[in-house]
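>>> please work out how this folds:
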Amino acid sequence: MPSYEAIAWFGIGAPKNTPAEIVQKLNNAINAGLADPQFKARLVDLGGVPAPMSPTDFSNFIAAETEKWAKVVKFSGAKPE
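Have a look, this model is predicted:
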């Protein structure tokens, strides 16, 4: 399938029914860590690209990745063994 790029990404999730205030507190702490100049520089040195997101943005990102790769799998004809 043309125009697809495979990249590795990492994210942090919480159980489905985690209270919104806990999710937001975690998100704030994680994004603060990603903004730390030393941590950010180390990620970049390792080839990473820090991408702080809101919980909604991350949820949308996961949905888009799921949709994108579902199309690739369908196009490939791959079947589970």
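
>>> ok, which stretches of this protein are helices?
20-35, 37-45, 55-76 (DSSP state H).

>>> so which of the ones you listed gets nearest Ala6?
Ala6 sits nearest to helix 55-76 of all the helices of the chain, at 8.9 Å, using C-beta to C-beta. For every residue, glycine as well, the C-beta is placed using N, CA and C.

>>> between helix 20-35 and that closest one, find me the angle.
80 degrees (axes from the mean of the first three to the mean of the last three C-alpha atoms, to 10 degrees).

>>> buried stuff in helix 55-76?
For helix 55-76, burial by neighbour count (16 or more other C-beta atoms under 10 Å) applies to Phe58.

>>> and that helix, what does it pack onto?
helix 20-35 (3 or more C-beta pairs under 8 Å, 6 or more residues apart in numbering; DSSP states H and E).

>>> quick one: the helix it packs on to chain centroid distance?
14 Å (C-alpha atoms, centre = their mean, to the nearest Å).

>>> dump the helices of the chain to JSON lines, plus distance to Gly13 and mean pLDDT.
Below are the helices of the chain laid out as JSON lines (distance: least, C-beta to C-beta, whole Å; pLDDT from 0 to 100):
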{"stretch": "helix 20-35", "distance to Gly13": "9", "mean pLDDT": "96"}
{"stretch": "helix 37-45", "distance to Gly13": "19", "mean pLDDT": "95"}
{"stretch": "helix 55-76", "distance to Gly13": "8", "mean pLDDT": "93"}
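
>>> for the spatially most central residue of the chain, give its distance to Thr66.
Taking C-alpha atoms, centre = their mean, the centroid of the chain lies closest to Gly11, which sits 4.4 Å from it. Distance, Gly11 to Thr66, by C-beta to C-beta, to the nearest Å: 13 Å.

>>> also Pro37?
33 Å.

>>> repeat for Pro52
Pro52 is 21 Å from Thr66, by C-beta to C-beta.

>>> check Lys40 too.
Distance from Lys40 to Thr66, by C-beta to C-beta: 28 Å.

>>> can you count the residues close to Gly27?
Heads up, residue 27 is Asn, not Gly. Asn27 is flanked by 19 other residues according to other C-beta atoms under 10 Å.
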